[in-house]
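**Q** Provide a 3D model corresponding to the input given below.
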Amino acid sequence: MGITKLADLIRGDAPKSISYKEIGDYAGKKIAFDTSIVVNQFRSAVPELKLSPLLGLFFRTLTFLEHDIKPVFVFDGKPPDQKRAVLEKRAQTSGRNSSYNSGEVSTKTQEFMRLLTLMGVPYIRASGDGEALCAHLVRTGVVDAVASEDMDTLAFGGTVLLRQLNAKKKSEVTEYSLPKLLETLQLTQKEFIDLCILLGCDYCGKIGGLGPSRALKLIQQHRTIEGVMQHVNRKTHPVPLNWKYQEARTLFLEEPRSEVLQLCWGELDEEGLVQFLCLEKPVKEPRVRGRMEKFRQALEKRRKERAEEERAGHTRQSRLDEFFRVTRKRQSTDAVESRDRKRPKAK
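**A** Numbering: from 1, shown residues only. This is a model prediction of the structure:
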């Protein structure tokens, strides 16, 4: 779930913190991926194929590498106890066994890790919530951005969040800038975390009947949840009994304990991948080798293009988007719609 209706609030109240790009705009960038989100996307897309998440990760990772993106996959560790109810509810909804675990590495997770090793792609296992570690990586400059569909990356302090970064070449990627968001909303990171808790997060309940606009105004006026509770009408906006908002706040603020080793990207082990996917798993060998051949051709094409640029002495004319942030026309449309909503209607 992430943060309830946070994306809607940002589009309406801080559209300048959003930019729209394409996958090619991230060439040369190190990007941390919340692996659980990626895997669940493939599981939901083709639930009847048990191998689908593994193959999906294989194909999508190759596409990222073809675009000169350096992916880092982050796996969840033991989830916090505050998230147990949410995970169990999600598992019931999807018809799976409880997603809550004691932190043990499952057989499926071991398979994903083995696949990435054979592809020469680094991965990290978080001590707790993978989303928190992803945010830590971008906040400390280890990576350039986090790719996830969950908005709580921003609550954890992730400075750059990418949504809809997938294998489709012409797919529009939505990029959120946390510094611009905080500047526009005139909030500190701690105040923004309290706003996210008011909106609704995975770690505790929320004040009833409090919509995004009202929650934002209350935080801007009173700066903390404690201040909001002193001024909110508890008849129309009931506060949960034994509300664990302080524990949720702590989870968003604490630093991950996982040790981040030096990240290295290597070469694909084609024979190892064929052994794993085609001999140990029931994937047809031509499908795997054909995709890897296409990958080699893409790398060779990029190598030749770079060599030609070097021979030309880098004298090509620079494009405007190399000097200014790449955005799409849709951003200005959102800004106009936001202004229109705020403008009083003519009588």
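**Q** Low-confidence stretches in the stretch 51-200 of the chain?
**A** Within the stretch 51-200 of the chain, the ranges that satisfy pLDDT under 70 run 51, 84-103, 167-169.
**Q** List the buried residues in stretch 292-305.
**A** 292, 295, 298 (16 or more other Cβ atoms under 10 Å). C-beta: built from backbone N, CA, C; applies to glycine.
**Q** would you turn these into TSV with pLDDT and secondary structure?
**A** Shown next, in TSV, are the buried residues of stretch 292-305 (pLDDT from 0 to 100; DSSP: H, G, I helix; E, B strand; the rest coil):
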residue	pLDDT	secondary structure
292	96	helix
295	95	helix
298	92	helix
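**Q** Tabulate the residues you listed in CSV, adding columns for distance to residue 105.
**A** Below are those laid out as CSV (distance: Cβ to Cβ, whole Å):
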residue, distance to residue 105
292, 27
295, 28
298, 32
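**Q** ok now do residue 252, which residues does it touch?
**A** Neighbouring residues of residue 252 by Cβ atoms under 8 Å, 6 or more residues apart in numbering: 132, 152, 155, 156, 157, 193, 196, 197.
**Q** Surely the second one touches residue 3?
**A** Okay, so that is residue 152. Yes. Between residue 152 and residue 3 there is a contact under Cβ atoms under 8 Å: 5.3 Å.
**Q** Report pLDDT for residue 261.
**A** With respect to pLDDT, residue 261 scores 72.
**Q** Can you give me the neighbour number for it?
**A** A count of neighbours around residue 261, defined by other Cβ atoms under 10 Å, yields 8.
**Q** From residue 125, how far out is it?
**A** Residue 261 sits 11 Å away from residue 125, taking Cβ to Cβ, to the nearest Å as the criterion.
**Q** Equivalent analysis for residue 196, please.
**A** The value you get for residue 196 to residue 125, if Cβ to Cβ is used, is 25 Å.
**Q** Have a look at the two and say which one is more surrounded.
**A** Set side by side, residue 196 and residue 125 show more neighbours around residue 196, with 27 against 17, by other Cβ under 10 Å.
**Q** The more buried one and residue 157 touch, don't they?
**A** No. The pair residue 196 / residue 157 is not scored as a contact, 11.3 Å apart, by Cβ under 8 Å.
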